[in-house]
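*Asks:* next comes the sequence, and after it the predicted model I'd like to discuss.
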Amino acid sequence: MIIQKRKAIWVTLGIVAVLFRWVGGINPEWIEKIYSRGIFQGIRVAIDYLLAWSPIPLIYPFFILLIFFIGKSAYRLYQSSDSLKKKFYRFASSLAAFIGGGIFFFLFIWGFNYGRVPVEEEMGLQLSPLNLDELWKELQDETKQIVRLRLEIPGATDSALGKEHLPVNLERKLRKGVVRQLSRYGYPVPGRVRGRLLYPKGIFLRFSSSGLYFPFTGEGHVDAGLHPLEWPFVMSHEMAHGYGFGDEGTCNFWAYLATAQSHDPVIAYMGRLVYWRTLATNYLIYYPEKYKAFRGKLPAGIQADLNAINENLKKYPDIMPDLRYFAYDTYLKAQGITEGIKNYSRVIMMVKAWRENTEI
């Protein structure tokens, strides 16, 4: 009887959390003030100063313990002398409690941040879609920056840059960059979000992803199979998630600011190169021949870097890309991100609006 009451409590907590999320979605200023700038800050500190010392990503022991718990529960149910009908009831109630508890902890530990006030509203940015001329100008301007920055990298040749060019203590430097930008615009940044490399290689890339922020451990992860040229941007993106931002385009925006304004030319170049690829991908759709001719005139070193990234991605072909797209698109829309997976490219509008706002 006590066990069933406990299960009912977890189901109830899950439902209540969803209701709070729904109410918060209507009143994002409540979530911003009470949760994102309040409760979540305490959670962030607790996670970082109690768990962040671990020498290995906490996601490994988390799933080991989860599998052990599920296996143990399944074995007990199998060994039970109850009737098949009663076993099914116990399984269904346990599953409902597990899902309810999972939803509650996901939202309470981090997920409510999806409903906070959009960054563009807080920063006074006016977002609007770029027309093709504006997109072309943005691509050209960013090209000038990556050409300049690559020339500043010590030891850079016409060959592709690699892991050996990355600075020592990359994680710490990237965290400082993210914290600097968030603090600059009035966001609290307690704790020290971790950015981890996760193995085996391809664990995310085979699902058209490059990283993951895992709320249950409070750590950001980058697929170890990702080309090192992309590490600074992706790690900064995941750290931005860790500091309380759910929107993918917003985290790309923070990653861009954190890397592009770094004093280290390697970090600045690599961050801008990832953003450049986002611009190029969007422009390529409309003018493939013009883009091809433009790309062919880039300095040999930049072409080598772009080729290295593309060749590396070929090592990890997608597994069920349509299913992955549908599942993640549905998940993002369920969190209130109406454009779904297209939200990643929203960074282009945010960067343009930020730049115009900064120049005023």
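*Replies:* Thanks, I have the structure now. Numbers count the residues shown, from 1 in each chain.
*Asks:* please make it C-alpha for all contacts and neighbour counts, starting now.
*Replies:* Will do.
*Asks:* number of nearby residues for the residue nearest to residue 247 when sequence neighbours are not counted?
*Replies:* Excluding the flanking residues, the one nearest residue 247 by C-alpha to C-alpha, 6 or more residues apart in numbering is residue 114, at 6.5 Å. Neighbours of residue 114 under the rule other C-alpha atoms under 10 Å: 24.
*Asks:* same thing with residue 75?
*Replies:* Summarising burial for residue 75: neighbours were counted as other C-alpha under 10 Å, giving 11.
*Asks:* buried residues of whichever strand or helix holds it, list them for me.
*Replies:* If you go by DSSP states H and E, residue 75 is part of helix 59-79. Judged by neighbour count (16 or more other C-alpha atoms under 10 Å), helix 59-79 contains these buried residues: 59, 77.
*Asks:* the residue nearest to residue 247 against residue 245, yeah?
*Replies:* Yes: at 6.8 Å, residue 114 counts as touching residue 245 under the criterion of C-alpha atoms under 8 Å.
*Asks:* quick one on the thing from earlier: measure the residue nearest to residue 247 to residue 40 for me?
*Replies:* According to C-alpha to C-alpha, to the nearest Å, residue 114 and residue 40 sit 12 Å apart.
*Asks:* try residue 301
*Replies:* 43 Å.
*Asks:* more crowded one of those two?
*Replies:* Shown here are residue 301 and residue 40; by other C-alpha under 10 Å, residue 40 has more neighbours (23 against 18).
*Asks:* pretty sure that one is touching residue 106, no?
*Replies:* No: with contacts counted by C-alpha under 8 Å, residue 40 stays clear of residue 106, the gap being 12.0 Å.
*Asks:* picking that back up, on the three-state scheme, the residue nearest to residue 247 is what?
*Replies:* Per DSSP: H, G, I helix; E, B strand; the rest coil, the secondary structure class of residue 114 is helix.
*Asks:* could you do residue 280 as well?
*Replies:* helix.
*Asks:* for residue 211, give me phi and psi.
*Replies:* Torsion angles at residue 211 (phi, psi; degrees, to the nearest 10) stand at phi -160, psi 180.
*Asks:* beta partners for it?
*Replies:* In this entry, residue 211 is beta-bridged to residue 222, by DSSP bridges.
*Asks:* gap between it and residue 85?
*Replies:* 42 Å.
*Asks:* compare these two (neighbour count), which wins?
*Replies:* Ranked by neighbour count (other C-alpha under 10 Å), residue 211 and residue 85 place residue 211 first, with 24 against 9.
*Asks:* pLDDT wise, what is that one at?
*Replies:* In this model, residue 211 is scored at 95, pLDDT.
*Asks:* am I right that it is in contact with residue 223?
*Replies:* Yes: under the criterion of C-alpha under 8 Å, residue 211 makes contact with residue 223 at 5.6 Å.
*Asks:* between these two, which contacts overlap?
*Replies:* Residues touching both residue 211 and residue 223 by C-alpha atoms under 8 Å, 6 or more residues apart in numbering: residue 204.
*Asks:* what's the one helix or strand residue 178 maps to in contact with?
*Replies:* Using DSSP H and E, residue 178 maps to helix 170-184. Residues outside helix 170-184 that contact it (C-alpha under 8 Å, 6+ apart): 188-189, 192-195, 232, 235-236, 239-240, 254-255, 257-259, 262.
*Asks:* which residue, other than its chain neighbours, is closest to the residue nearest the centre of the chain?
*Replies:* The residue lying closest to the centre of the chain (C-alpha atoms, centre = their mean) is residue 238, at 4.2 Å. Once flanking residues are discounted, residue 238 sits nearest to residue 220: 4.9 Å by C-alpha to C-alpha, 6+ apart.
*Asks:* need the phi and psi values for the one you found.
*Replies:* Main-chain torsions, residue 220, degrees, to the nearest 10: phi -90, psi 150.
*Asks:* hang on, it packs against residue 234?
*Replies:* No: using C-alpha under 8 Å as the test, residue 220 is too far from residue 234 to be in contact (9.4 Å).
*Asks:* which neighbours do these two share?
*Replies:* Common contact partners of residue 220 and residue 234 (C-alpha under 8 Å, 6+ apart): residue 211.
*Asks:* domain-wise, how is the protein divided?
*Replies:* Using automatic domain parsing, the domain ranges for the chain come out as 2-115, 119-359.
*Asks:* out of those domains, deepest packed?
*Replies:* domain 119-359 (a mean of 18; mean count of other C-alpha atoms under 10 Å).
*Asks:* residue 228 and residue 163 touch, don't they?
*Replies:* Yes: counting by C-alpha under 8 Å, residue 228 touches residue 163, with 5.4 Å between them.
*Asks:* any weak-confidence spans in the stretch 251-360 of the chain?
*Replies:* 320-345, 359-360 (pLDDT under 70).
*Asks:* now do the helices in it.
*Replies:* Along the stretch 251-360 of the chain, the stretches classed as helices by DSSP state H, counting those that start in this stretch are 265-284, 288-296, 300-313, 321-334, 347-359.
*Asks:* format those helices as CSV; extra columns: distance to residue 18.
*Replies:* Listed next are the helices of the stretch 251-360 of the chain as CSV, based on distance: least, C-alpha to C-alpha, whole Å:
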stretch, distance to residue 18
helix 265-284, 34
helix 288-296, 44
helix 300-313, 37
helix 321-334, 11
helix 347-359, 28
